[in-house]
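Asks: could you look at this predicted model? Sequence included:
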Amino acid sequence: MTAEERKHRLEAYLQQVEFASLEDLAKHVGSSVSTVRRDLTVLEAAGNLKRTHGGARLIAPKSDEFTFSARDTHQLDSKEAIGRACAELIKPNQSVIIDAGTTTFHVAKYLEDKSPQIVTNSLPVANLYSSAGKVELVLSGGVIYPRLGVLVGPLAVEAFSKIHADVAVMSSGGITMDGITNSHGLLIDIQLAMMRAAAKVIFCLDHTKFGRRSVSQLCDLSKVHTIVTDSEAPAELVGQLRAKGIEIVIAPTA
């Protein structure tokens, strides 16, 4: 592969996922991290992308597909139902990791009366509880990515590697019998650190995520304790997941 072909593939991949780590980009083009770092320097100088701490992101994405506000309008009724149902699984005064997904934001909305300690890399969740007296809020470090409302990068990963929580409330781009996937490679390392830090892992997934594969593999099903979904989740796949020993909670719709 020539240098020009490699840079074209790097740009095309970032158009697909919007941002990624150096390691993820290197793996995608089959080159070393140092080679990719040099390619990114050239692409940044051309104004095609922006280097971040540990990775790169697009300067001007083609659409709002990945923005928090745009994603939060999708399947809104299902997300609200899942949020309420998941919040019922959290016990008073537990420590809860909440990732930066839109569905997990709806879980956070119903946790205040539980007086939890919340640890998150989500700016919307942090804003939600920035002045709440009942909630102790811990915000990870990292690079602010405003469009996604998230803190990313090595500092965010390090923050979650140094804590222990009762529960991690997670989101993803898809689930099949092969495991959980997500659309953003740069979020994978953070999500894995979140899962390792928690005694119990709950995934909140609306029915559109079932049978869907996203770009990057997050984990296999053995890492998942509970899945909270809505009543439109496909019965066959729900049954297969239950047979794997995963607790499935079907959120009642209002």
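Replies: Great, that's in hand.
Asks: give the helix, strand or coil label for T253.
Replies: Three-state call for T253 (DSSP: H, G, I helix; E, B strand; the rest coil): coil.
Asks: number of nearby residues for it?
Replies: Residues near T253, counting by other Cβ atoms under 10 Å, number 13. Every residue, glycine included, has its C-beta placed from N, CA and C.
Asks: give the closest residue to it in space, chain neighbours not counted.
Replies: Nearest non-adjacent residue to T253, counting by Cβ to Cβ, 6 or more residues apart in numbering: A81, 5.1 Å away.
Asks: the one you found belongs to a helix?
Replies: Yes. Judged by three-state DSSP, A81 forms part of a helix.
Asks: what's the burial count for it?
Replies: Around A81 there are 22 residues (other Cβ under 10 Å).
Asks: worst-scoring helix or strand of this protein, pLDDT-wise?
Replies: Scoring the helices and strands of the chain by mean pLDDT, DSSP states H and E places helix 68-71 at the bottom, with a mean of 49.
Asks: check contacts around the residue nearest to T253.
Replies: Residues counted as contacts of A81 (Cβ atoms under 8 Å, 6 or more residues apart in numbering) are D230, A251, P252, T253, A254.
Asks: could you list the low-pLDDT ranges of the chain?
Replies: 60-75, 185, 254 (pLDDT under 70).
Asks: now the helices for it?
Replies: Ranges of helices in the chain, per DSSP state H, are 3-17, 22-29, 33-45, 68-71, 76-87, 102-108, 123-128, 154-161, 185-196, 235-243.
Asks: among these, which comes closest to F210?
Replies: Smallest distance to F210 across these (Cβ to Cβ): 5.1 Å, for helix 235-243.
Asks: what comes up buried for the closest one?
Replies: Neighbour counts over helix 235-243 (16 or more other Cβ atoms under 10 Å) mark L237, V238, L241 as buried.
Asks: for stretch 204-218, how far is the first residue from the last?
Replies: Length of stretch 204-218, first residue to last, Cα to Cα, to the nearest Å: 14 Å.
Asks: run the chain-centre distance for it.
Replies: From the chain centre to the centre of stretch 204-218 is a distance of 11 Å (Cα atoms, centre = their mean, to the nearest Å).
Asks: cool, thanks, signing off.
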